[in-house]
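Visitor: the amino acid sequence is not available; the structure is as follows:
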DNA sequence: GTACAGATTGAG
DNA sequence: TCAATCTGTACT
């Protein structure tokens, strides 16, 4: 049985999918080069009801239109003019929610990641949303990709059991403008992972 | 056409 | 603590 996560995983709500994504693996086959990592930090963006979300109040623009696709597509965009943010859409078609992958633990392709990140410090390769995109080479060329079918990018379940007390649930990072939504506990990370971007 | 903020990072 | 850097979005 293939360990690849299939559609049903991504049609859950973003909060549930974000929590379940911890301990799963992300794989990028980059021109024959295999890069992979274990997901250790995620955030959920709940769409129309969530002021921090690009699709708050059903907003739909050229940038975020793929959020409206069925769960399992890549929504990637740039922030601060220089960093990519990798999101996976969730929910059924027409429901614009997504999960932001904020940090992974590097597994395969570490040498290449070090080149791309210009550092030999393991801890600095993928411990943040912008960092991991640079290490993995994720950019606009992956916009809208269906990760349940793509031969370039997918997620795998390697059957790791995550104990309940390993999962920390906190407020999201960098969205102070979002009023009461800024306080929703929609960020998840693995307590014992040194690759988590920020501790509160 | 113009203005401006931003789901970050790394250097000082 | 703060600058880098530029696209998306709203507004004129």
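Guide: Great, that's in hand. Predicted model, so just to flag it, every value in this text is computed and none were measured. Numbering: from 1, shown residues only, chains lettered A, B, ... in the order given.

Visitor: how about the residues of chain A by DNA strand C?
Guide: A:54, A:59, A:61-64, A:77-78, A:80-82 (CB under 7 Å from any atom of the strand). Every residue, glycine included, has its C-beta placed from N, CA and C.

Visitor: just the buried residues out of those residues, in ChimeraX syntax.
Guide: Applying 16 or more other CB atoms under 10 Å to the residues of chain A next to DNA strand C, the buried members can be selected in ChimeraX as follows:
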select /A:54,64
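
Visitor: buried stuff in stretch A:121-134?
Guide: For stretch A:121-134, by 16+ other CB under 10 Å, it's A:124-134.

Visitor: near DNA strand B too, which of those?
Guide: Checking the buried residues of stretch A:121-134 against DNA strand B (CB under 7 Å from any atom of the strand), the matches are A:124, A:128-132.

Visitor: with secondary structure added, can I get these in CSV?
Guide: Conversion of these to CSV gives the following (DSSP: H, G, I helix; E, B strand; the rest coil):
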residue, secondary structure
A:124, helix
A:128, coil
A:129, helix
A:130, helix
A:131, helix
A:132, helix
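
Visitor: retrieve the pLDDT associated with the spatially most central residue of chain A.
Guide: In chain A, the C-alpha nearest the mean C-alpha coordinate belongs to residue A:101, at 1.9 Å (CA atoms, centre = their mean). What the model reports for residue A:101 is a pLDDT of 98.

Visitor: ok, the helix or strand containing it: who's next to it in the sheet?
Guide: Residue A:101 is located in strand A:97-108, with elements delineated by DSSP states H and E. Strands adjacent to strand A:97-108 in the sheet, as given by DSSP bridges, are strand A:33-45 (antiparallel), strand A:83-90 (antiparallel).

Visitor: partners of the next helix-or-strand element following the longest one, with directions?
Guide: Counting by DSSP H and E, the element after strand A:33-45 in chain order, helix or strand, is strand A:74-79. Strand partners for strand A:74-79, identified by DSSP bridges, are recorded as strand A:83-90 (antiparallel).

Visitor: ok, and what's touching the partner strand?
Guide: A:10-14, A:17, A:21, A:44-45, A:66-67, A:69-79, A:96-101, A:129-130, A:132-134, A:136, A:138-140, A:142, A:147, A:155 (CB atoms under 8 Å, 6 or more residues apart in numbering).

Visitor: export the strands paired with strand A:97-108 as TSV, with columns for mean pLDDT.
Guide: What follows is those, written out as TSV (pLDDT from 0 to 100):
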stretch	mean pLDDT
strand A:33-45	98
strand A:83-90	98
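
Visitor: between those strands, which gets nearest to residue A:109?
Guide: strand A:33-45 (3.6 Å; CB to CB).

Visitor: what about the closest one and DNA strand B, any contact?
Guide: Yes. Using CB under 7 Å from any atom of the strand, strand A:33-45 reaches DNA strand B at A:43, A:45.
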